[in-house]
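J.: Okay, predicted coordinates and the sequence, questions at the end:
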Protein chains: 2
Amino acid sequence: MTSIKDVAREVSLSTATVSRALRGLRGVSDENRTRVTEAAQRLGYVPSPSAVGLASGQTNMVAVIVPHVSRWFFGEVVQGAEEVLRAAGYDLLLYNLAGEPAARHRVFQTGLLSKRVDAVLVLGLRPTAQEQARLAQLGRPVAIVGAAATDLYSVSIDDELAARLATTHLVDLGHRRIGYVGGSLDTLDYIAPSARLAGYRAVLRERGIRHYRELEDVGEFTVAGGGAAARRLLTGPERPTAIFAASDEMAIGVLRATRELGLSVPGDLSVVGIDDYELAEFFDLTTVAQPVREQGRRGAERVLAELLGVRRRTESEVLPVELVVRASTAPPATER
Amino acid sequence: MTSIKDVAREVSLSTATVSRALRGLRGVSDENRTRVTEAAQRLGYVPSPSAVGLASGQTNMVAVIVPHVSRWFFGEVVQGAEEVLRAAGYDLLLYNLAGEPAARHRVFQTGLLSKRVDAVLVLGLRPTAQEQARLAQLGRPVAIVGAAATDLYSVSIDDELAARLATTHLVDLGHRRIGYVGGSLDTLDYIAPSARLAGYRAVLRERGIRHYRELEDVGEFTVAGGGAAARRLLTGPERPTAIFAASDEMAIGVLRATRELGLSVPGDLSVVGIDDYELAEFFDLTTVAQPVREQGRRGAERVLAELLGVRRRTESEVLPVELVVRASTAPPATER
DNA sequence: ATGAAAGCGCTAACAT
DNA sequence: ATGTTAGCGCTTTCAT
C-alpha cells in the first residue's frame, strides 16, 4: 500500500505539500502540483479513508437508511441519491431496516452513525420525536426523503394532494362508490399511507359523497396485498365502481384480482394508483405520477450543500405530481 | 464526542484495558470488564471507525457492487447480504454501476476500494480478466454473487440448467416452435444471459428440434423489453407456440403483449420465465425458481468466513433451481 | 511556497 | 491482569 510518504519521497517534498497538491489547495507551485499528481498516479497512490477521517474529521460517507431495499420505490430513490453522492466523491453506506424494529433501533438509537458518516438520508419514514432528537445530536446534515417532516428538511410529494387528484378524477368520471386500498394504519411512521387516506376522505366529503367505511381496505403496499383487498371489496355487499389504490403495486394487484373475478376494467371497475412506476404504463394503469429518483437526488444534493457550507434553508421541498390518465378508468357503466 | 480516553478516565484504567474489555478480548478481570462496559454505556461511547481502521487495518466495511440497485433481483441480493453483514457488525458500502462504464471503471480500476473495505461482493456480473487482477491485488476476500466465476469464489445458480428445465418443460408439453427472449448478447460480462441462451439451444438440439434463429429475440431483462420482443415474435412469419423468457420480468412482458394481440395464454401461447419473482405467482407464470436472497446471504457468509480466517475453499457454490408449473404453460393447441 | 511537528482515536506489541 | 509506548496515515497549525 503506497502511502503519502512514498509520494513525498518520490518528488522530494514534504507530505504536507503532497497533501495540499493532491487536494487542490492553494499554496503549491504549478510545477510541483503537476509533479505530485503524476507521481501519485504513477505509484497508484490512494489516500487511506481511515487516516483522512481521523485527521480531518470527515468520513466522506453518507448513511442512507431505507425501510426495504428490495421495494421499487426505495430502489429508485437510492439510485438517485447514489448518482449525486458518487459525483461528489461521497460513498453510500446502506442501512436496510427490512421492517425490523431492532434494526431501526440500532441505527437510530445507538450512536452508530455518529462518527461514521458526514450526513444522513432517511428514506420513506417519519422519525419519531426521539429519533429526531438523536439525529439532531449527530450535528450533521439530515434529509428525509419520500416523507414529509416538520422539523427536519424533507423532500417528498404532497401525498394528500396526490390522493386528491386520484379521487377527484374518479368522482369527476361519475363514480360514487369508490373503494380505497392503502397501507395498514398502525404503521404510522410511514407518512404516505395516512396522508393518502386523508386526501381520499377529504375529496369524498367535499363532494358530498357518502363515505362507506367498508370500502376502505388494507393492501400493505404490495401487489398481493392489493389483490386480496380488491377481492374483499368486490365480493362485499357494497361493491364499488372504482378503487383508488395508494400505490401502483397495489393497484396492479387490484387489476389482476378484478379480472380473476370475471369483471372487466374499466367496464365494471375503474382503478387508479399512485407512483407511475415501472409497470404502470405497461398495464395501462391510470395513476398519479411522482418523480421518485429525483427525490433521491434532491435529498443528496441538499445534504451535500449543507456539507459545503451553503446556508441551510430549512424549507422542505415538495415535488409536483401529475395525474396520468390511461385505460384503467372510465365512467361507471351503470349510472342511475 | 466521548473517546476511549474518557471511558478510561472514568474507570481509572488505561485505554488499552478499556479497548480489550470492550472488544471482549481475554485478559481483563470480570469486574473491570463490567465496569468498563457500564461506563461506556453511560457515557454513550462509540469507537471511531476511522481510528479503529487506522490502528487495526480493518474497516469493518464490505463493498457491494451492483449493476442496478433498482432491479428486483439485485435488491433481493443486497437485502440478503445486508442481513448477514449487519449481524456480523459489518457495514455495507454500496456501489451502483447503473450501467455506466465509467462507474464500472472507477470502482474496479482505480484503487478506490483498496483501503476502504475488508471484502468485496460483486453482484451479477463476471469481472473481466483485468478486473479480476485488480480484485485479486486487493488481497481481500471477494465473492461473485449471481454469476458463475472461474477463478474467484462465486455463488449462483446453474443458469444453463435453469434454461434447460424451462425449455424441456415446453418440449415435453409438445411444443416445437419455441421462442426465446433474453438479454442483448453484447453484454457478455453478465453471464446469465448467454448461459441461458446456451441451455435453450442445447435442449432444442438434443431433442432434435429445428432451431429458428428468428425465434430468438432481445428483451433486455425488462418487462417492456419482453413485451416488445413478444410482439415481434408473435407477428412474425414463424409464430411460436411457446416462449421461454430468460427472466420473469420479461416473461410478464410477454404475457401482457400476447393478450394485447388478442391471443390467449396458454391457449395460443405458453410462457415460461426464470426467477419466481414477486409477481410470478400472481400472474400464474410457470417459471424456474431460484433462491435469490439466499445467494446474497451465501456471498456475505463466505467473505465473512474468510475474514475470520476460516480456510478458504475456492469451490464455488451452485444453488438449486426448481421448475414451478403454473397456468401459463400447456400443450400447444394445434398439434398435427 | 514549503516544511516540521503535533495530533486525530484507536490498537498492538512489549513490559510489568 | 494491566499499563506504556509506539505507531497507523493522514491533516493542520505554525514556522520559515
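T.: Looks like it came in fine.
J.: quick one: what helix or strand has the residue in the stretch 51-200 of chain A that DNA strand D sits nearest to in it?
T.: Among all residues of the stretch 51-200 of chain A, A:Ala55 sits closest to DNA strand D, at 3.0 Å; criterion: Cβ to the nearest atom of the strand. In this view, the C-beta of every residue, glycine as well, is placed from N, C-alpha and C. Taking DSSP states H and E as the criterion, A:Ala55 maps to helix A:49-56.
J.: Give me the helices and strands touching that helix, please.
T.: helix B:49-56 (3 or more Cβ pairs under 8 Å, 6 or more residues apart in numbering or on different chains; DSSP states H and E).
J.: sorry, back to before: helix or strand next in line after the helix holding A:Ala55, which one?
T.: Note on helix A:49-56: by DSSP H and E, the next helix or strand toward the C-terminus is strand A:61-66.
J.: Chain neighbours aside, what residue packs nearest to the residue positioned nearest the centre of chain A?
T.: Residue closest to the average C-alpha location in chain A (Cα atoms, centre = their mean): A:Gly146, at 3.9 Å. The spatial neighbour of A:Gly146 that comes closest, neighbours along the chain excluded (Cβ to Cβ, 6 or more residues apart in numbering or on different chains), is A:Gly124 at 4.4 Å.
J.: got the contact list for the residue in the stretch 101-250 of chain A that DNA strand C sits nearest to?
T.: Closest approach of the stretch 101-250 of chain A to DNA strand C (Cβ to the nearest atom of the strand) occurs at A:Lys115, with a separation of 7.4 Å. The contact partners of A:Lys115, by Cβ atoms under 8 Å, 6 or more residues apart in numbering or on different chains, come to A:59, B:1, B:46-50.
J.: what does the helix holding A:Ala55 rub up against?
T.: Under the contact criterion Cβ under 8 Å, 6+ apart, helix A:49-56 has outside partners A:58-60, B:48-54, B:59, B:115-116.
J.: and those residues, which are buried?
T.: When those are checked for burial by 16 or more other Cβ atoms under 10 Å in any protein chain shown, the buried set is A:59-60, B:48-54, B:59, B:115-116.
J.: export the residues you listed to a markdown table and tack on pLDDT?
T.: A markdown table is the format used below for the buried ones among the contacts of helix A:49-56 (pLDDT from 0 to 100):
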| residue | pLDDT |
| --- | --- |
| A:Thr59 | 97 |
| A:Asn60 | 97 |
| B:Ser48 | 97 |
| B:Pro49 | 98 |
| B:Ser50 | 98 |
| B:Ala51 | 98 |
| B:Val52 | 98 |
| B:Gly53 | 97 |
| B:Leu54 | 97 |
| B:Thr59 | 97 |
| B:Lys115 | 95 |
| B:Arg116 | 97 |
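J.: can you list the residues of the stretch 151-300 of chain A near chain B?
T.: Residues of the stretch 151-300 of chain A lying near chain B by Cβ under 8 Å from any Cβ of the partner chain: A:222-224, A:227, A:252-253, A:256, A:278-279, A:282-283.
J.: try 7 Å this time
T.: Of all the residues in the stretch 151-300 of chain A, those in contact range of chain B (Cβ under 7 Å from any Cβ of the partner chain) are A:223-224, A:227, A:256, A:278-279, A:282.
J.: TSV for those, including neighbour count, secondary structure and distance to A:Leu263?
T.: As requested, those are exported to TSV (neighbours: other Cβ atoms under 10 Å in any protein chain shown; DSSP: H, G, I helix; E, B strand; the rest coil; distance: Cβ to Cβ, whole Å):
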residue	neighbour count	secondary structure	distance to A:Leu263
A:Val223	26	helix	18
A:Ala224	18	helix	19
A:Gly227	22	helix	13
A:Arg256	22	helix	11
A:Glu278	19	coil	25
A:Leu279	23	coil	20
A:Phe282	19	coil	20
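J.: Tabulate those residues (a markdown table), appending pLDDT.
T.: Putting those into a markdown table (pLDDT from 0 to 100) gives the following:
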| residue | pLDDT |
| --- | --- |
| A:Val223 | 90 |
| A:Ala224 | 89 |
| A:Gly227 | 94 |
| A:Arg256 | 90 |
| A:Glu278 | 84 |
| A:Leu279 | 88 |
| A:Phe282 | 82 |
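J.: Which pLDDT value belongs to the residue in the stretch 201-336 of chain A positioned nearest to DNA strand C?
T.: When scored by Cβ to the nearest atom of the strand, the stretch 201-336 of chain A has A:Leu307 as its residue closest to DNA strand C, at 19.0 Å. In this prediction, A:Leu307 carries a pLDDT score of 94.
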